[in-house]
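J.: Only the shape, not the letters, is given here:
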């Protein structure tokens, strides 16, 4: 379910803004300072995270969010307690915090993205935290690369032709995953891909191999794809440096030099690493991603490329991405996808 539009009334008691969302890619929001661009986006975040306490504290009267299934979410903050209801076909139903969280996954990449607060309350450099997270996820996936069919139990059967077709598809996916450093091994008595004769001779084993590989690919393909795409994107921005992910660790090198400490990277290079990490590794497929001021520390030439790259990721992961910016270079040649919030009073 994608968002079609959002309208806020009485923002700071005076402003009314509407944003029309691109259903299949990027939406830009731009405005002058002080009329509530960031606050408007935070309202959407708090709604989809079901954070009713923070919603109640925000300076607005009403927020309407329309979805592409013809439902309308209405939040009225001039009521006590706050009124939250879903409307469809003239029927209204009040929603709980838990029901709000089920509407659509959301990721907020704020302008203050270089540090994060851990669960224990301490601040940490975001890039260090993401490096730990990536290495942990990779090592977990690598532990599963030795495919074991002995513990696989299934309650269905497939024809030999179906097994052959599925294993060919799974073989192509696991071959791609090798580009991320995830190389599988299968039991020595089995071949991948098998011939029809192999399957006919050992039908049960190949049926269980099909199930085991499917589980492995379902669990880890997105991680592998993210690693490959992440490397390609980062290296398309970096100049005279190359980024690789080896055993889940990010390594940056320069020509004829040893590996560089990430501390030696420019602030713009760190911004690229952080933003695209969060979009590729942390945003769920078919979710909403909000990025506030992606232009921070980026050269104009990099700003002009951001939209195109993010649009490609939208298609790859079926994302809606909303970008709030003060930079016309970020919007570049996509002004048809831009919404200007004007300082007109409601």
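T.: All right, it came through fine. Small disclaimer: the values here were computed from a predicted structure and weren't measured.

J.: hey, let's count contacts and neighbours off CA atoms from now on
T.: Noted.

J.: Show me which residues of stretch 103-117 are buried.
T.: By 16 or more other Cα atoms under 10 Å, the buried positions in stretch 103-117 come out as 103-110, 113-114, 116.

J.: farthest-separated two in those residues?
T.: Between any two of these, the greatest separation by Cα to Cα is 28.6 Å, found for 103 and 114.

J.: Identify the residues contacting the nearest residue to residue 259 once chain neighbours are set aside.
T.: Excluding the flanking residues, the one nearest residue 259 by Cα to Cα, 6 or more residues apart in numbering is residue 253, at 4.4 Å. By Cα atoms under 8 Å, 6 or more residues apart in numbering, residue 253 lies in contact with 241-243, 259-260.

J.: and residue 217, what does it touch?
T.: Here residue 217 is in contact with 170, 173-174 (Cα under 8 Å, 6+ apart).

J.: from the residues you listed, which is closest to residue 70?
T.: residue 173 (36.7 Å).

J.: Would you double-check that the closest one falls in a strand?
T.: No - with DSSP: H, G, I helix; E, B strand; the rest coil as the criterion, residue 173 is helix rather than part of a strand.

J.: quick one: pLDDT of it?
T.: In the predicted model, residue 173 carries a pLDDT score of 97.

J.: Tell me how many other residues crowd residue 189.
T.: Residue 189 has 7 neighbours, counted by other Cα atoms under 10 Å.

J.: Distance of it relative to residue 171?
T.: Residue 189 is 17 Å from residue 171, where distance means Cα to Cα, to the nearest Å.

J.: residue ranges of the helices in the stretch 101-250 of the chain, please?
T.: Assigned by DSSP state H, counting those that start in this stretch, the helices in the stretch 101-250 of the chain fall at 126-143, 160-177, 196-201, 203-237.

J.: Which positions in the shortest one come out as buried?
T.: Same thing as helix 196-201. 198-199.

J.: Remind me what that helix packs against, helices and strands.
T.: helix 160-177 (3 or more Cα pairs under 8 Å, 6 or more residues apart in numbering; DSSP states H and E).

J.: Which other helices and strands does the helix it packs on contact?
T.: Using 3+ Cα pairs under 8 Å, 6+ apart: helix 160-177 touches helix 196-201, helix 203-237.

J.: Which of these sits closest to residue 22?
T.: So among those, helix 203-237 is nearest, using Cα to Cα, at 22.9 Å.

J.: Show me how far stretch 48-61 is from its chain's centre.
T.: 23 Å (Cα atoms, centre = their mean, to the nearest Å).

J.: actually stretch 279-289, sorry about that
T.: For stretch 279-289, the distance to the chain centre is 2 Å (Cα atoms, centre = their mean).

J.: Alright, I will stop here.
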